[in-house]
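Engineer: Below are the sequence and a predicted model for it; my questions follow.
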Amino acid sequence: MTEKNIKNVSFTKVLKEQEEEVISIMADLFDDDETIFNMFVESEKRQAAKKAERRAERRTQRRMEKQAVAKDRRTAQRMYGLGTSVDNIAMVLDVPVKIVEKWLGLAEK
């Protein structure tokens with residue numbers, strides 16, 4: 001007999017000797033199915049809530065970025081109206097000159 005066969009025979013023998021205990025353990029496992037399912041559902045809910053929160057944060061971030069760009073654009077237009085050069089506006093707002101030119105309608109199309 002090979003070692004694998006000996007182990008299988010030994011395992012089967014133990015299972016037969018402790019059949020009641022094995023059945024009891026299996027019953028306990030199956031009784032816990034509802035608990036396990038509920039834990040899974042709660043886990044899925046938490047993950048969905050985190051995902052929704054991340055999406056909301058990204059939307060908020062994009063909105064804030066758009067608002068910042070719009071504010072810089074308005075500032076560039078006011079500064080240009082006051083006679084500030086495009087180069088100085090770009091330096092103050094820390095944006096490329098081409099962007100300032102685009103905001104001011106000076107960029108070549």
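Structural biologist: The structure has been received and is ready for your questions.

Engineer: From the structure, what's the count of residues near residue 93?
Structural biologist: Residues near residue 93, counting by other CB atoms under 10 Å, number 17. C-beta: built from backbone N, CA, C; applies to glycine.

Engineer: Please apply the same query to residue 51.
Structural biologist: Using other CB under 10 Å, residue 51 has 10 neighbouring residues.

Engineer: counting contacts, what elements does the host helix or strand of it pack onto?
Structural biologist: Element membership for residue 51, per DSSP states H and E: helix 33-81. For helix 33-81, the elements it packs on are helix 86-93, helix 97-104, judged by 3 or more CB pairs under 8 Å, 6 or more residues apart in numbering; DSSP states H and E.

Engineer: show me where pLDDT drops low in this structure?
Structural biologist: The model of the chain has pLDDT under 70 over residues 1-9, 11, 15, 27, 30-33, 109.

Engineer: try 80
Structural biologist: Scanning the chain for pLDDT under 80 picks out 1-40, 107-109.

Engineer: what's the angle between the helix holding residue 51 and helix 97-104?
Structural biologist: Put simply, helix 33-81 runs at 80 degrees to helix 97-104, going by axes from the mean of the first three to the mean of the last three CA atoms, to 10 degrees.

Engineer: could you check the angle helix 86-93 makes with helix 33-81?
Structural biologist: Orientation note: helix 33-81 sits at an angle of 140 degrees relative to helix 86-93 (the same axes, to 10 degrees).
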